[in-house]
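have a look at this fold, sequence not included:
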């Protein structure tokens with residue numbers, strides 16, 4: 001049977017998230033694109049269409065959870081503010097444990113370069129093909145950069161699972177709406193911004209990182225299985241490795257929808 005508890009539902013949290021974003025947008029230009037680290041601003045089609053914030057709001061305010069015996073999570077989801085170090089953590093884990101972790105190869109509409117092979121760093125597809133797959137909800141995230149589209153297709157994540165590996169994703173938090181199912185069984189880790197004390201912040205970037213980190217924690221904190229403050233990148237990676245090993249050998253709380 002196991003124990004059960006209650007946590008706020010995704011619908012309620014999406015409303016809170018939308019309110020936070022709207023409030024923030026009153027004061028500054030908000031760039032939520034999955035390619036937001038680029039210099040130019042691009043519309044985030046994933047947020048605007050594929051995962052609209054208000055598309056499933058209802059009166060459900062709590063979600064039941066149940067305690068299960070230990071089991072292997074299929075997906076490691078790294079959340080955090082842009083620039084907090086998620087990409088480095090992801091690449092380090094994959095390099096150290098090639099037999100355990102993998103990152104889904106993205107699809108793109110840009111033409112391949114002379115030294116590129118389809119399926120190695122990218123899957124190259126036509127614009128029409130990608131748009132058709134987007135319409136069929138086959139992409140987890142996608143966006144546009146320099147007139148080419150890029151995206152992560154759900155089947156590439158499933159392929160990693162079929163190989164017996166854990167898929168590592170450094171995605172936007174809105175992707176949890178798709179990932180939080182028994183099929184993807186995610187372990188969600190929030191990489192929090194480093195503490196500002198004793199750190200020189202000459203250009204204000206650390207303060208920006210801390211503010212974005214706080215906003216993410218407020219909006220999505222109830223989804224986090226683990227939070228690590230990234231004061232030292234190597235210590236963060238070591239702590240994450242220990243936590244993953246521990247979670248695979250202890251009982252876990254999961255949404256009841258994963259079971260029934």
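All right, it came through fine. These numbers were taken from a predicted model, which means no experiment stands behind them.

not counting sequence-adjacent ones, nearest residue to residue 120?
Once flanking residues are discounted, residue 120 sits nearest to residue 105: 7.5 Å by Cβ to Cβ, 6 or more residues apart in numbering. (C-beta placed from N, C-alpha, C; glycine too.)

walk me through which strands whichever strand or helix holds residue 76 pairs with, and which way each runs.
Using DSSP states H and E, the element containing residue 76 is strand 75-80. Take DSSP bridges as the rule and strand 75-80 pairs in its sheet with strand 166-169 (parallel), strand 186-192 (parallel).

rounded mean pLDDT for the first one, please.
Regarding strand 166-169, the rounded mean pLDDT is 98.

got a list of what residue 252 touches?
Neighbour list for residue 252: 67, 68, 70, 71 [criterion: Cβ atoms under 8 Å, 6 or more residues apart in numbering].

pLDDT below threshold where in the stretch 51-200 of the chain?
51-62, 198-200 (pLDDT under 70).

helices along that one, start to end?
For the stretch 51-200 of the chain, helices defined by DSSP state H, counting those that start in this stretch occupy the ranges 86-96, 127-135, 154-162, 176-179.

can you say which of the ones you listed is nearest to residue 236?
Nearest to residue 236 among the helices of the stretch 51-200 of the chain is helix 86-96; the distance by Cβ to Cβ comes to 6.6 Å.

packing partners of the closest one?
When contacts are defined as 3 or more Cβ pairs under 8 Å, 6 or more residues apart in numbering; DSSP states H and E, helix 86-96 sits against strand 75-80, strand 101-102, strand 166-169, helix 233-247.

surely residue 182 touches residue 257?
Yes - between residue 182 and residue 257 there is a contact under Cβ atoms under 8 Å: 7.5 Å.

burial count for residue 228?
By the measure other Cβ atoms under 10 Å, the count of residues near residue 228 is 20.

OK, contacts around the residue of the chain positioned farthest from its centre?
Ranked by distance from the centre of the chain (Cα atoms, centre = their mean), the top residue is residue 114, with 31.5 Å. Neighbour list for residue 114: empty [criterion: Cβ under 8 Å, 6+ apart].

what residue is smack in the middle of the protein?
residue 171 (2.9 Å).

beta-bridge partners for the nearest residue to that one once chain neighbours are set aside, please?
Take residue 171 and drop its neighbours on the chain: the residue closest to it by Cβ to Cβ, 6+ apart is residue 141, 5.8 Å away. Counting by DSSP bridges, residue 141 is bridged to residue 152.

just residue 66 next, same as before
Under the criterion used (DSSP bridges), residue 66 bridges to residue 4, residue 254.

residue 182 is in contact with that one, correct?
No - here residue 66 lies out of contact with residue 182, judged by Cβ under 8 Å, at a distance of 11.7 Å.
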